[in-house]
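Chemist: sequence unavailable; structure follows:
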Ligand code: NAD
């Protein structure tokens, strides 16, 4: 059995805790490797080494650090296919989608090449007589990131890129379900010139997460994952005096107005609802057509499109639309939620529970599932399903549709499809959700903007990537400096009154 360890002080090392987790091949259901789960002692030792390595890295001039990121970009592009294959093999997503996962992370590393500019402080000349005032952005020391299974390249890159290029050492605790790609990225960073010990990739579960939260050397923690864990990490990290940002789960609504182009909306819904088997925090899981005619027409357009979806393993070719769920536990949970939807009275238009693929009978596949007439009180509406399940919730008016999205506890992303600029503008202005699409179903901001949800989808202040990331991973020092004038007047040989 293949064993996956940690990346510590520039080397792949085996775990010493004696604890492991299974890593599955989601397409076949087989265990393909086991990953070491670090103990508190292993984490603490790695953090202490990182703190030592950070001193020289933090003192390296920002342009030299940026050059490491430039080379990292080249190496990721060089190894793009290798990274995407390893990603698909553990996560299960299709090969083109795995490349997208790497690409969206790579774009943040490209942004980090601008670190020297982003780290510049502010300066006020002559703030008083002989007084200048200036602010510096300095690294925090050691920062940590705890990341989810669903983007095993993108989210680690979102975290490590800004933290490292700002001069910090970084501890990455990736998801134990697909741990290989983060280790490959660490090796590429070493090849790009990152000094050993500055990035430590420590695999683990709750024990290593708690070790991060309780370690006094770690100054900041960035988390992405489910909301209950986000809340836990936010409160424990803050209680220990750390800077913490946590991004949680989602329930993303897409409103379809009667004036929308329904073919465009149906295409968008199928991609955003079923892509990556719905295992995206920006997936659209609720369609809200406004008016009965819109709803009926939309369902009529969705069904044939969904029937055509090709579900399969990533090895079956680039025309596969989506793959299996990540684990058997996820499969059981999603099937259970579909059953609850039926029991609570939703109309099951398409049922993916009995999906079977010859040769992959034990894979974690769920066929595309569509519900109509979903209501607020149903579990399939209240919970994040994180599977290929799209719910249609009918609204009589724009205001009713808006209220569904506004009242839901999650606030990650949302979208509206309309031809009316006035409605679109009103929606963008009033909605209490962090990322908004107008005729765009998955409005993931680009690297130079910031990414973050509201309500139970985001805890803390600053967003991920973009300029916010550099604010999160640095602290401001403000210097007031006075140099009295007249010091060049030379020696005085007579007594002068002091002034
Ligand atoms: P998860 O919460 O199960 O795990 C995330 C991380 O937390 C992993 O590294 C895991 O090892 C760790 N963890 C799990 N249980 C823990 C515990 N009890 N104590 C301490 N640490 C623990 O999430 P997941 O299943 O890997 O990822 C899917 C979730 O992530 C979904 O809810 C999705 O919406 C969310 N997500 C959010 C965003 C965003 O930016 N808002 C992006 C991607 C994914």
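Modeler: Thanks, I have the structure now. Just so you know, these numbers come straight off a predicted model, no measurement behind them. Numbers count the residues shown, from 1 in each chain.
Chemist: what about residue 92, how many neighbours?
Modeler: 31 (other Cβ atoms under 10 Å). For glycine as for every other residue, the C-beta is placed from the backbone atoms N, C-alpha and C.
Chemist: am I right that it is in contact with residue 312?
Modeler: No - applying Cβ atoms under 8 Å as the test, residue 92 and residue 312 come out as separate, 10.3 Å apart.
Chemist: residues shared between the contacts of these two?
Modeler: Common contacts of residue 92 and residue 312 (Cβ atoms under 8 Å, 6 or more residues apart in numbering): 27, 323.
Chemist: tell me how many other residues surround the residue of the chain found nearest the ligand.
Modeler: Relative to the ligand, the nearest point of the chain is residue 225 (2.6 Å; Cβ to the nearest ligand atom). By other Cβ under 10 Å, the residues close to residue 225 number 22.
Chemist: just residue 252 next, same as before
Modeler: 30.
Chemist: mind checking which helix or strand residue 285 is in?
Modeler: Per DSSP states H and E, residue 285 falls inside strand 284-289.
Chemist: which strands and helices sit next to that strand?
Modeler: strand 252-256, helix 262-274, helix 292-307, strand 389-392, helix 398-407 (3 or more Cβ pairs under 8 Å, 6 or more residues apart in numbering; DSSP states H and E).
Chemist: which one of the ones you listed is the most hemmed in?
Modeler: By mean neighbour count, with neighbours taken as mean count of other Cβ atoms under 10 Å, strand 252-256 ranks first of those at a mean of 28.
Chemist: packing partners of it?
Modeler: Using 3+ Cβ pairs under 8 Å, 6+ apart: strand 252-256 touches helix 262-274, strand 284-289, helix 398-407, strand 413-417.
Chemist: now those as CSV including mean pLDDT?
Modeler: Putting those into CSV (pLDDT from 0 to 100) gives the following:
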stretch, mean pLDDT
helix 262-274, 98
strand 284-289, 98
helix 398-407, 98
strand 413-417, 98
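Chemist: kindly reformat the ones you listed as a markdown table containing distance to the ligand.
Modeler: Conversion of those to a markdown table gives the following (distance: least, Cβ to the nearest ligand atom, whole Å):
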| stretch | distance to the ligand |
| --- | --- |
| helix 262-274 | 14 |
| strand 284-289 | 10 |
| helix 398-407 | 16 |
| strand 413-417 | 9 |
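Chemist: any chance of these in JSON lines, plus distance to residue 317?
Modeler: Output for those, formatted as JSON lines (distance: least, Cβ to Cβ, whole Å):
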{"stretch": "helix 262-274", "distance to residue 317": "17"}
{"stretch": "strand 284-289", "distance to residue 317": "26"}
{"stretch": "helix 398-407", "distance to residue 317": "37"}
{"stretch": "strand 413-417", "distance to residue 317": "30"}
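Chemist: looking at these, which is nearest to residue 196?
Modeler: Among the helices and strands packed on strand 252-256, the nearest to residue 196 by Cβ to Cβ is strand 413-417 (38.5 Å).
Chemist: any idea of the angle the strand holding residue 285 forms with strand 252-256?
Modeler: In terms of direction (axes from the mean of the first three to the mean of the last three Cα atoms, to 10 degrees), strand 284-289 departs from strand 252-256 by 20 degrees.
Chemist: so strand 284-289 versus helix 398-407, what angle?
Modeler: Relative orientation of strand 284-289 versus helix 398-407 (the same axes, to 10 degrees): 160 degrees.
Chemist: what's the angle between strand 284-289 and helix 262-274?
Modeler: Put simply, strand 284-289 runs at 150 degrees to helix 262-274, going by the same axes, to 10 degrees.
Chemist: can you give me the separation between residue 22 and residue 327?
Modeler: For residue 22, the distance to residue 327 equals 9 Å [Cβ to Cβ, to the nearest Å].
Chemist: of the two, who's got more company?
Modeler: Between residue 22 and residue 327, residue 327 has the larger neighbour count (other Cβ under 10 Å), namely 18 against 14.
Chemist: helix, strand, or coil at residue 246?
Modeler: strand (DSSP: H, G, I helix; E, B strand; the rest coil).
Chemist: so which strand or helix has residue 12?
Modeler: Here residue 12, judged by DSSP H and E, is contained in strand 11-13.
Chemist: okay, now the sheet partners of that strand, with direction.
Modeler: Paired with strand 11-13 in the same sheet, following DSSP bridges, are strand 6-8 (antiparallel).
Chemist: the strand it pairs with vs the ligand: in contact?
Modeler: No - Strand 6-8 does not reach the ligand (Cβ under 6 Å from any ligand atom); its nearest approach is 13.9 Å.
Chemist: how far off centre is that strand?
Modeler: With Cα atoms, centre = their mean, to the nearest Å as the basis, strand 6-8 stands 22 Å off its chain's centre.
Chemist: list the contacts of it.
Modeler: Residues from elsewhere that reach strand 6-8, judged by Cβ under 8 Å, 6+ apart: 12-13, 15, 36, 38, 42, 46, 49, 182-183, 186-187, 199-203.
Chemist: which of these are buried?
Modeler: Among these, those classed as buried by 16 or more other Cβ atoms under 10 Å are 15, 36, 38, 42, 46, 49, 182-183, 186-187, 199-203.
Chemist: circling back: which of the contacts of strand 6-8 fall in helices?
Modeler: Among those, the members falling in helices are 42, 46, 49, 182, 183, 186, 187 (criterion: DSSP state H).
Chemist: OK, contacts around the second one?
Modeler: Looking back up the chat, that one is residue 46. By Cβ under 8 Å, 6+ apart, the residues touching residue 46 are 6, 8, 9, 38, 171, 200, 202.
Chemist: turn those into a markdown table, including pLDDT and distance to residue 337.
Modeler: Converted to a markdown table, the contacts of residue 46 look like this (pLDDT from 0 to 100; distance: Cβ to Cβ, whole Å):
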| residue | pLDDT | distance to residue 337 |
| --- | --- | --- |
| 6 | 98 | 35 |
| 8 | 98 | 39 |
| 9 | 98 | 44 |
| 38 | 98 | 32 |
| 171 | 99 | 34 |
| 200 | 99 | 37 |
| 202 | 98 | 33 |
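Chemist: show me which of these is closest to residue 264.
Modeler: For those, the nearest to residue 264 is residue 171 (44.0 Å; Cβ to Cβ).
Chemist: quick one: mean pLDDT for the helix or strand where residue 336 lies?
Modeler: Assigned by DSSP H and E, residue 336 falls within helix 328-343. For helix 328-343, mean pLDDT is 98.
Chemist: can you check stretch 212-223 too?
Modeler: Averaged across stretch 212-223, pLDDT comes to 98.
Chemist: buried ones in it?
Modeler: If you call a residue buried by 16+ other Cβ under 10 Å, then stretch 212-223 has these buried ones: 212, 213, 214, 215, 218, 219, 220, 221, 222, 223.
Chemist: I figured residue 483 hits residue 130, correct?
Modeler: Yes - using Cβ under 8 Å as the test, residue 483 is close enough to residue 130 to be in contact (5.4 Å).
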